[in-house]
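Asks: Predicted model follows, preceded by the sequence.
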Amino acid sequence: MRMGMVGGGHGAFIGAIHRMAAALDGEIELVCGAFSSDPERSKASGAALYLPSNRVYPDFQTMILEEKKLPEGERMDFVSIVTPNHMHFPPAKMALENGFAVVCDKPMTLDLSEAKELAALVERTGLLFCLTHNYTGYPMVKQARDMIRRGMLGKIRKIVVEYPQGWLSTPVHNKQADWRTDPKRSGAAGCMGDIGTHAENLAEYITGLKITEMCADLSTFVEGRQLDDDGNVLLRFDNGAKGILHASQISAGEENDLNIRIYGEKGGLKWRQMEPNTLVAVWLDQPQQIYRTGVGALSDAASKHIRIPPAGHPEGYLEAFANLYRNFAITLRSRLKGETPDPAFLDFPSAQDGVRGLAFIETVVEANQSKEKWYRMKS
């Protein structure tokens, strides 16, 4: 599958991650790009990626229109959008309107109204859309999801999900920090929009439950910062389960310790992103069990997302990202051939997950400002 990229030029962080993940399986080739809002920087970035100069564009509008003119088999098959948040919606909308499938970094758009409009466009065009909530790509996350779906834990009662980081504990001024703490480019939330949405998505993905209400307390600890850098949220879910979501970018010394604990009537599951090959199960009536990537009988969903034999070779961030790109590419190829894809490869976040993420962001900000103890989740 031929990929075009919007954003991700020289000095960008997430664009390089997307390119490495997309290339990991040999399923996807980067063929063109508009890598920066500065045409000269886009040109230089394309040259550094060894792209022909005529496939490096000064802006995403030109790229989409010019690629559309090329014959099938030469033009890009889909667009990957890796810009700051405020520039997700315009290229995604234009790509879909011109017949191109889309992969988009999260959060899907700057605000909920844009997210709803984009999701409606995906539905109307029937084109494929993937939102890169990459943590859903880990095999042990899929194992946990399967165990809950099969009722092994019984009815879910308690969900605790945390994402502490420490990189913004002091005033930081660089390309990444500047746009992520700027409301015009990041959106209504800082920490909660950047990493809180990962925690929200992981909780809903694994359990299959939906957040219905929340009680939120957001803080901005670093003086002069315009958006939240820490948040604590009590959650209620649609089956009656209760939850706690904590996200922080001022937890000094922490790296990327996304972790989740889920408890049902019969037992619980524990998973940490910094030890991703391990899933711990605890039970009322039997000893603790440890599931490991590549060891023993795992679910079909987990097994099809394991990459590196034999067991014990770490599979991490890039492999989880790559699972989303691989699944998207296989599904897109099947669609273009008029074939039915393997259901296991249909497992990647959708535009509706993007709407949930923006609903979470706007609700948590409003709940923090409200005098009401419990604030209803937007829909």
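Replies: Good, I have the coordinates.

Asks: and stretch 52-62, what's its mean pLDDT?
Replies: Mean pLDDT, computed over stretch 52-62, is 98.

Asks: no, scratch that, I was asking about stretch 248-265
Replies: pLDDT averaged over stretch 248-265 gives 98.

Asks: Now find how far off-centre that stretch is within its chain.
Replies: 16 Å (CA atoms, centre = their mean, to the nearest Å).

Asks: How about stretch 51-70?
Replies: How far stretch 51-70 lies from its chain's middle: 26 Å, per CA atoms, centre = their mean.

Asks: Report the separation between the two terminal residues of that stretch.
Replies: One end of stretch 51-70 to the other measures 16 Å (CA to CA, to the nearest Å).

Asks: Other residues contacting it?
Replies: 4, 6, 30-35, 37, 39, 42-43, 45-47, 75-76, 79, 90-91, 94-95, 98-100 (CB atoms under 8 Å, 6 or more residues apart in numbering). Heads up, the C-betas are built off the backbone N, CA and C, glycines and all.

Asks: how about the helices of the protein, start to end?
Replies: 14-23, 39-48, 60-69, 89-97, 112-125, 139-149, 175-180, 183-186, 191, 197-207, 300-303, 317-337, 351-369 (DSSP state H).

Asks: will you turn these into CSV that also has mean neighbour count and distance to Glu265?
Replies: Shown next, in CSV, are the helices of the chain (neighbours: other CB atoms under 10 Å; distance: least, CB to CB, whole Å):
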stretch, mean neighbour count, distance to Glu265
helix 14-23, 20, 38
helix 39-48, 17, 53
helix 60-69, 17, 50
helix 89-97, 21, 41
helix 112-125, 18, 34
helix 139-149, 22, 12
helix 175-180, 16, 40
helix 183-186, 16, 40
helix 191, 27, 33
helix 197-207, 24, 14
helix 300-303, 17, 23
helix 317-337, 20, 30
helix 351-369, 23, 26
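
Asks: Figure out which of these is closest to Tyr163.
Replies: In terms of CB to CB, the element of the helices of the chain nearest to Tyr163 is helix 197-207, at 4.7 Å.

Asks: Against which helices or strands is that closest one packed?
Replies: Applying 3 or more CB pairs under 8 Å, 6 or more residues apart in numbering; DSSP states H and E, we find helix 197-207 packed against helix 139-149, strand 156-164, strand 211-219, strand 242-248, strand 259-264, helix 351-369.

Asks: confidence score at the residue minimising distance to the centre of the chain?
Replies: Most central in the chain under CA atoms, centre = their mean is His133, positioned 1.5 Å from the mean C-alpha point. Note for His133: predicted pLDDT of 98.

Asks: Quick check: it touching Tyr205?
Replies: Yes - between His133 and Tyr205 there is a contact under CB atoms under 8 Å: 7.4 Å.

Asks: Please identify every residue contacting each of those two.
Replies: Taking CB under 8 Å, 6+ apart as the contact rule, His133 and Tyr205 both touch Pro349, Asp353.

Asks: what's the nearest residue to the residue of the chain most remote from its centre if we skip its chain neighbours?
Replies: Most distant from the centre of the chain: Asp285, at 35.9 Å, with distances by CA atoms, centre = their mean. In this structure, Asp285 finds its nearest non-sequential neighbour in Lys266, 7.9 Å apart by CB to CB, 6 or more residues apart in numbering.

Asks: neighbours around that neighbour, how many?
Replies: 14 (other CB atoms under 10 Å).

Asks: Please tell me how far it sits from Arg149.
Replies: Distance of Lys266 to Arg149, given as CB to CB, to the nearest Å: 14 Å.

Asks: ditto for Leu318
Replies: From Leu318 across to Arg149, the span is 27 Å (CB to CB).

Asks: show me the contacts for the residue nearest to the centre of the chain.
Replies: Lys106, Thr197, His198, Asn201, Leu202, Tyr205, Pro349, Asp353, Gly357.

Asks: Which pLDDT value goes with Ala344?
Replies: 85.

Asks: That one: neighbour count?
Replies: Neighbour count for Ala344, taken as other CB under 10 Å: 16.

Asks: Quick check: phi and psi at the nearest residue to it once chain neighbours are set aside.
Replies: Counting by CB to CB, 6+ apart, Ala344 lies nearest to Lys304, which is 4.5 Å off, once chain neighbours are set aside. Torsion angles at Lys304 (phi, psi; degrees, to the nearest 10) stand at phi -80, psi 0.

Asks: so how many other residues sit close to Lys304?
Replies: Other residues within reach of Lys304, judged by other CB under 10 Å, total 18.

Asks: Can you tell me the closest non-neighbouring residue to Cys104?
Replies: Ile81 is the one closest to Cys104 (CB to CB, 6+ apart), at 4.5 Å.

Asks: any idea how far Ile148 is from Lys175?
Replies: Distance of Ile148 to Lys175, computed by CB to CB: 39 Å.

Asks: quick one: which of the contacts of His133 is nearest to Arg292?
Replies: Arg292 has its nearest neighbour among the contacts of His133 in Leu202, at 19.8 Å by CB to CB.
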